[in-house]
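1. predicted coordinates and the sequence they were generated for:
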Amino acid sequence: MSISSSLYQRLAEHLAKREADGARRRLTLPPAGLVDFSSNDYLGLSHHPVVQQALLAAGGAAGSTGSRLLTGNSAAAEQLETQLARFHRAEAALLFNSGYAANLGFFAAVPRRGDTILYDEASHASVKDGIRGSFATAWSFRHNDVADVERKLARATGAVFVAVESLYSMDGDMAPLVELAALCRARGLHLVVDEAHTNGLYGPQGEGLVTALGLENDVFARVLTFGKALGSQGAAVVGATLLRDYLLNFSRPFIYTTALAPHSVATLAAAYEVLPNLSAEREQLFRLSDYLKARLNAAPGLRVPPESHVIHPVFFTEAAGPARVREVAAAAQAAGFDVRPIVAPTVPAGTERLRLILHSYNTEAEIDGLAAALGHITGEE
Ligand code: PMP
């Protein structure tokens with residue numbers, strides 16, 4: 001009893017510290033009826049009629065009833081993996097239940113003791129958690145700094161992995177993939193690219209940034225997630241057939257979990273059928289991205305980095321702490337726009353920002369309205 005009460009006290013103290021830092025997380029229900037500047041449904045695929053039809057037609061069991069290695073495997077899951085490998089121009093693909101599980105599953109299983117992982121300091125938590133689960137030596141390098149990768153290489157041992165995201169989720173900027181691929185090719189390093197935010201959006205058919213740049217043969221593994229532009233859930237690691245077979249044998253987040261539900265597999269197969277036909281939506285998304293940057297940068301007190309795409313951080317020229325960023329987000333929501341604050345520890349303290357996510361279904365009028373509302377909110381101190 002006393003042990004548990006002191007434990008509860010410790011938990012409460014941690015929460016109180018978060019509260020005092022203005023960083024306490026709370027669940028909120030997605031606000032109804034607001035203009036969507038926050039979801040990851042970049043192309044609106046979660047509601048696409050063909051995907052909806054596949055969902056309704058899926059029928060059968062509600063769950064997969066087991067792990068892939070036991071009763072959870074299906075012809076549909078294997079067909080989806082074949083479809084994924086072909087579409088993304090890789091030898092093979094292996095499904096995971098989420099991008100989080102895929103990153104964990106790759107990094108905790110493939111790099112071994114004596115190997116080295118060099119990862120961008122802005123890497124997603126799932127990459128960092130995967131690295132923590134591996135016995136390899138790991139060093140972060142400065143965000144998007146190829147020279148820093150080269151410097152750190154001097155001390156690297158064993159197989160060397162370089163982990164990046166094609167497009168970073170908090171800043172919307174891109175990894176210098178062409179330079180990194182050249183370095184990895186020249187030095188025999190293994191490039192691992194998380195394509196969470198580029199899958200479906202880049203490339204002639206939405207194959208992702210690696211394929212758009214013609215780098216698929218220079219990348220050891222790609223993590224493709226399906227909870228964003230694909231409008232569903234789950235993820236895949238794509239790469240060599242040997243890598244797939246290794247992960248299937250050694251990757252614990254693949255082995256010890258119930259496989260994706262049949263309706264998820266069915267909606268994903270449908271979403272991938274639709275994806276090549278969404279060029280107009282992709283173009284609209286990039287047009288809107290340029291429009292948003294121009295409009296918000298013209299508003300006094302706001303700064304959106306020019307290198308951001310699809311995902312746009314909005315910084316205030318007046319230094320704004322977490323409380324102020326939350327306040328502005330709440331005011332933007334009250335004005336009808338679903339805009340979220342991003343605060344530490346998700347981003348480094350002192351870099352709190354709003355994050356605007358664009359979709360092919362947003363309009364210039366919505367962006368005008370948002371720019372006017374934000375200008376009004378931040379202008380009235
Ligand atoms: N990688 C990146 C870069 C992400 O942004 C996310 C999701 N926020 C993930 C991985 C995790 O993907 P999932 O949501 O499918 O677990």
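-> Thanks, I have it.

2. now the residue minimising distance to the centre of the chain: how far from residue 113?
-> Taking CA atoms, centre = their mean, the centroid of the chain lies closest to residue 196, which sits 3.8 Å from it. In this structure, residue 196 and residue 113 are separated by 28 Å, where distance is defined by CB to CB, to the nearest Å. No exception for glycine: its C-beta is placed from N, CA and C like everyone else's.

3. just so I have it, where are all the helices in this structure?
-> Across the chain, reading from the start of the chain, the helices by DSSP state H fall at 2-20, 49-58, 75-87, 99-107, 125-132, 146-153, 177-187, 209-212, 241-250, 252-255, 262-274, 279-298, 322-334, 364-379.

4. next, see if the fourth one gets close to the ligand.
-> Translated: helix 99-107. Yes. Judged by CB under 6 Å from any ligand atom, helix 99-107 and the ligand are in contact via 99, 100, 103.

5. neighbours of whatever residue of the stretch 1-150 of the chain ends up closest to the ligand, how many?
-> Using CB to the nearest ligand atom, the closest approach of the stretch 1-150 of the chain to the ligand is made by residue 99 at 2.3 Å. Neighbour count of residue 99, defined by other CB atoms under 10 Å: 25.

6. residue 255 is in contact with residue 69, isn't it?
-> Yes. Counting by CB atoms under 8 Å, residue 69 is a contact partner of residue 255 at 6.1 Å.

7. anything in contact with each of the two?
-> residue 248 (CB atoms under 8 Å, 6 or more residues apart in numbering).

8. so for those two, which sits in the more crowded spot?
-> The residue with more neighbours, out of residue 255 and residue 69, is residue 255; 16 against 13, by other CB under 10 Å.

9. which bits of this protein sit near the ligand?
-> In this structure, the chain approaches the ligand at residues 98-100, 103, 124, 126, 165, 169, 194, 196, 225, 227, 235, judged by CB under 6 Å from any ligand atom.

10. how about low-confidence regions in the stretch 251-381 of the chain?
-> Counting by pLDDT under 70, the low-confidence segments of the stretch 251-381 of the chain come to 319, 380-381.

11. show me what residue of it gets nearest to the ligand.
-> residue 311 (9.0 Å).

12. beta partners of that residue?
-> Applying DSSP bridges to residue 311 gives these bridge partners: residue 357.

13. how deep is it tucked in, by neighbour count?
-> Other residues within reach of residue 311, judged by other CB under 10 Å, total 21.

14. and it, what does it touch?
-> For residue 311, the contacting residues are 167, 168, 169, 170, 171, 172, 197, 355, 356, 357, 358, by CB under 8 Å, 6+ apart.

15. ok, now how distant is the residue nearest to the fifth one when sequence neighbours are not counted from residue 292?
-> The reference is to residue 171. Ranked by CB to CB, 6 or more residues apart in numbering and with sequence neighbours excluded, the top spatial neighbour of residue 171 is residue 313, at 5.6 Å. For residue 313, the distance to residue 292 under the criterion CB to CB works out to 12 Å.

16. which of those two has more neighbours?
-> Per other CB under 10 Å, whichever of residue 313 and residue 292 has more neighbours is residue 292, with 25 against 21.

17. cool, thanks, signing off.
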